[in-house]
Structures are given as C-alpha cells and as structure tokens.
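Colleague: dropping the sequence and predicted coords here.
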Amino acid sequence: MRSDVSLSGKINPLSIFLLILVMFAALIPAFYNFILTFIDYSPIQGLFSSPSAGLRNYSQVISQPAFPRLVLNSFVHWLASLSFALLLGVPVAILISFVKSRKTAATCAGLLLIPVFVPASVYFTLVIQLFSSSVFMREQTYTLAFAAQTLLPGAALIAFSGVAFGLLYRSRRGNALQGTMLGCGMAALLFMLVTLSPAYEATLLSANPMVNRVADTFDTFTYRSGLTQMQISHSAASHTLRSLLQMLLAVMPVFAIILLLRKSDR
C-alpha cells in the first residue's frame, strides 16, 4: 500500500510550510550580507549611504592567489563535518522513529536539541581535552579535529529534524521512516547553509603557519579581511561565495534522499 504522504503524491501543506520557514530563517542573514557585497561599506555612512562598488568586492576575492586553496580546504572541511554528522545523526533518528509512543519520541526530539545550543568553544575545549591541542597543529589531523568539534551539534540537528518529520508523517498515517529520512535531508541542507562554524579559538589556531596550508578556508579569510583589516564589504563577498559553495554541497544529499524515497514509492 502506498503512503498517503508519499513524495510522488500530494505533499502535506504543513511540510511545505515547515520547509519554507526553515529556509526563510536561514536566508535572512544571507540577504543582509548580500547587500554588503555590492557597496563599499563605511560604518559612518551606514548601509544605504555607502557608495556602490558593483562586483569589485567579488573580483578582489576571486583574484586572490590563495583563492583555489580556500575553495579546496573549505570543501574538504565541510564534507568531513557533514559526513560525520550524518553517520551519527541518521542512525539515531531512525532508531527513535521505531519508538511506538509518540510522546516518548517527541521527548527524545526535544532532548536532541540540547547539544545544538552548547557554545562551539565547549566542543573545542572537549576536543583539546580528549586529544590535546596538537591535533589542531598538525596538517595530518587538522581536518579531523575541525570535524570533531561540529560532530555533536551537527548530528543532533540532523537527528532532531529526522524525528520531527517522522512524527509529522506518522500523525498523517504515513510512513514514519520516509519522514525521518526526508527530515534528515532537510537538516543536512540547513546544517550547510547555517554552518556550525568552528570556535573562535580554532580560527585563531588555523593561522598557525604549520597548518595554514590545510586550515586556510573562507572562514579564516573572512576573519582576516573583516575583523583584522576592517574590509567589511570584502569580507561579506567572501562569506557570500562561501555560502554559495556550501549550498551546492548541501543539496546533493537532499536530492539523493528524495530520489531514494521516490523509488521506494514505486
């Protein structure tokens, strides 16, 4: 029997509303940042009085000699963080989807949100305590250390979304597992758009010449140009390029999950 909320049939309007709400919350800061990229921002003149810069900020970022390295390192770090979060978050969400009591499943979903609100510096300190600060000072281990500090909040976000969508599908007498997988995919998209950024301390350590070759990313470049050099619009252009690349990476698991769910409906 086919589910009445299958992706090949009519989609529940509430699911669409939740998706739009999530996307809206993620895109508001991005829109403000996008405006900054087309002006030569001055704190004295303000956002709407600063002179127009056209595409100059983007061209300056792309023309940087380090730009190819920024792209490569950022992709590697994002992919490692997302992969680890999915490996932990998806099994947890699937396991909770088999809980018969909706009240118990909802309680578990609420508890899963706790790690998301823990400051990034706490996870940074935890990684330091478990593996020592040397993991952030060696090229061979820096990427794994970067991913480790985003593991728990990333997995918690993915698991929570999976459980929430699973409960929604179950309330409509649909396939809870399908809802869980779709929710995990949507959370993966949000995970990459919002980006659970590394702790400030980790950003400082990435400036170490010993690891700069593998640690220099859009995050560190944005920090250097925006806070150190006070080039706000230049920094905003770097952040926008970073978000576009993240979006390309994020939609891949979402499309993969949707295709799998469509096949399961046939």
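Modeller: Nice, I can see it.

Colleague: can you tell me how far P119 sits from M23?
Modeller: Remark: distance between P119 and M23 (C-beta to C-beta, to the nearest Å) = 25 Å. Backbone N, C-alpha and C define where each C-beta goes, glycine included.

Colleague: between the two, who's got more neighbours?
Modeller: Under the criterion of other C-beta atoms under 10 Å, the comparison of P119 against M23 puts M23 first, with 14 against 11.

Colleague: I'd like to know which elements the helix or strand hosting that one is packed against.
Modeller: Under DSSP states H and E, the secondary-structure element containing M23 is helix 13-36. Other helices and strands packing on helix 13-36, by 3 or more C-beta pairs under 8 Å, 6 or more residues apart in numbering; DSSP states H and E, are helix 151-171, helix 176-194, helix 232-265.

Colleague: for the last one, give the mean pLDDT please.
Modeller: If I follow you right, that is helix 232-265. For helix 232-265, mean pLDDT rounds to 72.

Colleague: with the shortest one instead?
Modeller: Summarised as a single mean, pLDDT over helix 176-194 is 72.

Colleague: can you list the weak-confidence ranges in the chain?
Modeller: 1-12, 14-15, 19, 26, 189-208, 227, 249-258, 260-266 (pLDDT under 70).

Colleague: let's go with 50 and repeat that
Modeller: When residues are selected by pLDDT under 50, those of the chain lie in 1-9, 196.

Colleague: surely W78 meets Q246?
Modeller: Yes. W78 sits in contact with Q246 when judged by C-beta atoms under 8 Å, with a separation of 6.2 Å.

Colleague: list the contacts for the nearest residue to P51 once chain neighbours are set aside?
Modeller: The spatial neighbour of P51 that comes closest, neighbours along the chain excluded (C-beta to C-beta, 6 or more residues apart in numbering), is D40 at 5.0 Å. Shown in contact with D40 (C-beta atoms under 8 Å, 6 or more residues apart in numbering): S50, P51, S52, A53, R56, S233.

Colleague: and the next helix or strand past the host helix or strand of L70?
Modeller: Using DSSP H and E, L70 sits in helix 67-97. Of the helices and strands lying after helix 67-97 in sequence (DSSP H and E), the nearest is helix 102-112.

Colleague: for that next one, name the packing helices and strands.
Modeller: Packed next to helix 102-112, using 3+ C-beta pairs under 8 Å, 6+ apart, are helix 67-97, helix 151-171.

Colleague: could you give the angle of the last one to helix 102-112?
Modeller: Taking axes from the mean of the first three to the mean of the last three C-alpha atoms, to 10 degrees, helix 151-171 and helix 102-112 form an angle of 160 degrees between their directions.
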